[in-house]
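>>> Just to be clear, the model below is a prediction. Sequence and coordinates:
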Amino acid sequence: MWAKTQTMNSDNREYIIGVDIGGTFTDCVVLSESGLITIGKALSTPDDFAQGAMNAVADAAQNLGLPGAAALLESARLFFHACTIGENTLITRAGAKTGLLTTKGFADTLLMMRGRITDGLTDEEATHLAAMSKPKPLVPRHFIEELLERIDYKGEVIMPLDAADAEAALNRLVAKGVESVAVCLLWSISNDAHEKMVANVLKQKNPALFCSLSHEVAPFVGEYERTATTVFNAYIGPKISAYLTNLSRVLKSKGLKHDPLIMQAYGGVLGADATCKNAVGTIESGPSSGVVGTQFIAQLLGEPHVIATDMGGTTFKVSVIRDGLIERDYKPVLLQHRILSTKIWVESIGAGGGSIAWLDEETGLLKVGPQGAGAKPGPVCYGLGGTEPTVSDANLVLGYLNEDYFLGGKMRLDKAAALHAIRDKIARPLGMSELEAASGIHRIATAHMSDLIRKATVEKGHDPRNFALFAYGGAAPIHASRYAAQLGVKKVIVPLTASVHGAAGLISSDVVYEYGKSDHLIVPVDLARVNANFAGLVNQAMRDLRHAGFGGEKIKIARSLDMRYRYQVHELNVPFPPGTEPITDGLMKELYERFDTLYEQAYGQGSAYREAGREVITFRVTAVGELQKPKIERASMRQTNIEGALKNKRDVYFEDYGKLVPTPVYDFARLEPGAEISGPAIIETPVTTVVVTPRDRAIVDEFRNIIITRGE
């Protein structure tokens, strides 16, 4: 236990709990009413993720001095949750056997995709034509049924749908063994009557089937993208529903008195029932919660521009916050499919602690990732059966990790096994020492990370030197000073909750609903139509939030438009000022100017094509039900003697010296706010290790974050 805690009366229900399931570890953060933070951590359990969640809660309860998970859950006021079920289901192709009902003549929409097939591929993959192919469809052609019906773009019924025809098509799918059905009919976004008719038939005849309707999941223009989104939702929906139903049952049996709130990829939480209907919103929700937590802490520290970096056991992820606002992606790519489900913009690569180091057979060069060792068997040093050397094995050999203090001593690392694997698989074939090989693995992994950050900043017109860099996840604080130096970033912030930051982000979340409507308008727009579109979305938002128990000042509404230059393909989302007052000519003029500015920021000076005119594509409303934000304990800063926190010295390898050097190792739990440490140094917590490189300086701030200032 490395965060200050105190035991609370279980009858007071004073705790807020956040649990985040990752690929390797499941994290738990508990916040008391007085602002004290306690963490828990356990290995993820892919066979039953709920078990890993309960193990993490039990670990946090033990750190609090409570007798078990039940005692903590009985005392909880709110329980937030993020999980990887959605993305794991997609990656492993383990979703429901899914059927698709679509308008006659459009059965191949999902299979044809768009003309480009490079979406979602790396630059290297996209340059090898022989390796490029369309992804294997989630719905095979023989599971697609066409319905004789037609609605035009104005919402007029051209050909009515026959309920008997819909029933017959459903029966054919059921006979083939489908477990879930996606319904995407042409122009259902203008008139949803036919999709609702299909849903009613399905509910009456096959109520056990999961049903996903395009006008609910993706009410936007783009027939292929809308179809793909609806299919993704249907494919993962049954697993998400089964998991959340089981988790809710387990939590309730252990004393939780409220329904869990589930993180969505756009950065807010919803109840379990709403999440089950919109399962696609959970895909990559774990990384999103980490960005939300970064935004919350950055606001406390007065940092408006932040690069958020998250390195766990499997991946390295980057996101960006500018002017205090999180960047979002309104048309993300998943498995090469572009979908219409808003998510926080997060870019990731296979560069985690478990990323495997290997030699290219053709060139003999050392490579790191993207393949990883996963939670099982994991890195060689875990002693769980892994045989391939990983980044974590290299970090152990270099002295960054403490073999006797991993997870606070709950897990002992096998340094001899790591050395053996690096020697046999890397060092000996390359004719170098184990230290040189381990250093090579570490430096290559760090280079991959800095390259990804450049893609997130420099390639999008942002200078990384103007940003603070947050480093979280169990492994990022080991590498952060190095990739910050490669980018010219001066300040690195390792949050108190570094290795459980995703879970920490959960407890600073709000209930958030997203709404949208496609309506093509050419500038100058019809103001009455603009206000009518927003009024319908805002009214729906207000109803949903009031139904969820919010009212008055707890409700915040934000409106925005997706716009583009006429005859162009690149769209940008442009926000209005917060509020619900009627849109005026003045507000629209300001919006157009903002669009021009954002366009040139995104695509380069002079790229704005004002002569073409502008057009509006989509109306969006974000409705926020504000939850009480955590009151994080703020300590007073003072000069303190760090000698009492010194654990020992151990030999650590630094590139600056090219050899192992005796390096002081400090116990974070004994460092008080105001403590200053000059590099080289190691700061250990039970759940992460912070490497302070030579010439850098670290200070513990009033929130017990570690702030590293880079030296020259």
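Everything's here; your move.

>>> List the residues that contact the spatially most central residue of the chain.
In the chain, the residue lying closest to the centroid (Cα atoms, centre = their mean) is residue 287, at 2.2 Å. For residue 287, the contacting residues are 310, 317, 319, 344, 346, 348, 502, by Cβ atoms under 8 Å, 6 or more residues apart in numbering. C-beta here means a position set from N, CA and C on the backbone, and glycine is covered the same way.

>>> a markdown table please, covering those residues and showing distance to residue 209 and pLDDT.
A markdown table is the format used below for the contacts of residue 287 (distance: Cβ to Cβ, whole Å; pLDDT from 0 to 100):
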| residue | distance to residue 209 | pLDDT |
| --- | --- | --- |
| 310 | 37 | 92 |
| 317 | 35 | 92 |
| 319 | 36 | 95 |
| 344 | 32 | 94 |
| 346 | 32 | 90 |
| 348 | 33 | 87 |
| 502 | 33 | 84 |
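
>>> returning to that earlier point: for the residue nearest to the centre of the chain, give its distance to residue 311.
To residue 311, residue 287 is 11 Å away according to Cβ to Cβ, to the nearest Å.

>>> Residue 277 now?
Taken as Cβ to Cβ, the span from residue 277 to residue 311 is 33 Å.

>>> So if I had to pick from the two, which one is more boxed in?
residue 311 (29 against 18; other Cβ atoms under 10 Å).

>>> Need the pLDDT of the more buried one.
Looking at residue 311, its pLDDT stands at 91.

>>> So it is in contact with residue 355, correct?
No: with contacts counted by Cβ atoms under 8 Å, residue 311 stays clear of residue 355, the gap being 9.7 Å.

>>> can you give me the strands for the stretch 501-650 of the chain?
Secondary structure of the stretch 501-650 of the chain (DSSP state E, counting those that start in this stretch): strands located at 511-522, 555-565, 572-575, 614-625, 646-654.

>>> ok, now which ones touch residue 487?
Applying Cβ under 8 Å, 6+ apart, the residues near residue 487 are 450, 453, 454, 457, 464, 465, 469.

>>> quick check, nearest of those to residue 209?
Residue 209 has its nearest neighbour among these in residue 453, at 44.4 Å by Cβ to Cβ.

>>> Which strand or helix spans that closest one?
Per DSSP states H and E: residue 453 is located in helix 434-456.

>>> Pull out the buried positions in that helix.
434-446, 448-450, 452-454, 456 (16 or more other Cβ atoms under 10 Å).

>>> can you check stretch 348-365 too?
Per 16+ other Cβ under 10 Å, stretch 348-365 contains these buried residues: 348, 349, 350, 351, 352, 353, 354, 355, 356, 357, 358.

>>> Among the residues you listed, name the ones in strands.
348, 349, 355, 356, 357, 358 (DSSP state E).

>>> Can I get the buried residues of stretch 348-365 in JSON lines including distance to residue 407?
Below are the buried residues of stretch 348-365 laid out as JSON lines (distance: Cβ to Cβ, whole Å):
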{"residue": "348", "distance to residue 407": "24"}
{"residue": "349", "distance to residue 407": "25"}
{"residue": "350", "distance to residue 407": "23"}
{"residue": "351", "distance to residue 407": "21"}
{"residue": "352", "distance to residue 407": "16"}
{"residue": "353", "distance to residue 407": "13"}
{"residue": "354", "distance to residue 407": "15"}
{"residue": "355", "distance to residue 407": "19"}
{"residue": "356", "distance to residue 407": "21"}
{"residue": "357", "distance to residue 407": "23"}
{"residue": "358", "distance to residue 407": "27"}
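
>>> can you give me the strands in the stretch 151-300 of the chain?
157-159, 180-184, 210-213, 261-263, 269-271.

>>> So which of those is nearest residue 376?
Per Cβ to Cβ, nearest to residue 376 of the strands of the stretch 151-300 of the chain: strand 261-263, 24.9 Å.

>>> strand partners of that closest one, parallel vs antiparallel please.
Sheet pairing for strand 261-263, assigned by DSSP bridges, gives strand 76-82 (parallel), strand 269-271 (antiparallel).

>>> and the last one, average pLDDT?
This points to strand 269-271. Mean predicted lDDT for strand 269-271 stands at 92.

>>> Touching that strand from outside, list them.
Residues contacting strand 269-271 (Cβ under 8 Å, 6+ apart): 80, 259, 261-264, 278, 281, 506, 509-513, 548.

>>> May I see the contacts of residue 487 organised as CSV, with distance to residue 622 added?
Conversion of the contacts of residue 487 to CSV gives the following (distance: Cβ to Cβ, whole Å):
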residue, distance to residue 622
450, 33
453, 27
454, 30
457, 25
464, 28
465, 31
469, 27
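
>>> quick check, nearest of the residues you listed to residue 566?
residue 457 (30.1 Å).

>>> Nearest spatial neighbour of that closest one, chain-adjacent residues omitted?
Among residues not flanking residue 457 along the chain, residue 464 sits closest, at 4.4 Å (Cβ to Cβ, 6 or more residues apart in numbering).

>>> Could you check how many residues crowd around that neighbour?
With other Cβ under 10 Å as criterion, residue 464 counts 21.

>>> show me the contacts for it.
Shown in contact with residue 464 (Cβ under 8 Å, 6+ apart): 307, 453, 454, 457, 458, 487, 488, 489.

>>> Now with 10 Å, please.
Shown in contact with residue 464 (Cβ atoms under 10 Å, 6 or more residues apart in numbering): 305, 307, 320, 450, 453-454, 456-458, 483-484, 486-489.

>>> now residue 347
Applying Cβ under 10 Å, 6+ apart, the residues near residue 347 are 287, 316, 317, 318, 319, 320, 329, 452, 453, 455, 456.

>>> Was I right to think residue 710 contacts residue 468?
No: applying Cβ atoms under 10 Å as the test, residue 710 and residue 468 come out as separate, 11.3 Å apart.

>>> Find residues that contact each of these two.
Joint contacts of residue 710 and residue 468 (Cβ under 10 Å, 6+ apart) are 484, 489, 490, 491, 492.

>>> residues in contact with the last one?
Contacts for residue 492 were tallied using Cβ under 10 Å, 6+ apart; they are 307, 309, 468-471, 476-477, 480-485, 690, 692, 696, 698, 706-710.

>>> Buried members of those into ChimeraX, please.
One line in ChimeraX is enough to select the buried ones among the contacts of residue 492; burial here means 16+ other Cβ under 10 Å:
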select :307,309,468,469,470,471,476,477,480,481,482,483,484,485,690,692,696,698,706,707,708,710
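
>>> and stretch 23-36, which residues are buried?
Applying 16+ other Cβ under 10 Å to stretch 23-36 flags 23, 24, 25, 26, 27, 28, 29, 30, 31, 32, 36 as buried.

>>> now, which of those residues lie within helices?
If you go by DSSP state H, those have nothing in helices.

>>> Adding pLDDT and distance to residue 572, write the residues you listed out as a markdown table.
Below are those laid out as a markdown table (pLDDT from 0 to 100; distance: Cβ to Cβ, whole Å):
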| residue | pLDDT | distance to residue 572 |
| --- | --- | --- |
| 23 | 71 | 33 |
| 24 | 72 | 36 |
| 25 | 80 | 37 |
| 26 | 89 | 37 |
| 27 | 89 | 35 |
| 28 | 92 | 38 |
| 29 | 90 | 35 |
| 30 | 92 | 40 |
| 31 | 88 | 37 |
| 32 | 85 | 42 |
| 36 | 81 | 42 |
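
>>> Understood, closing this out.
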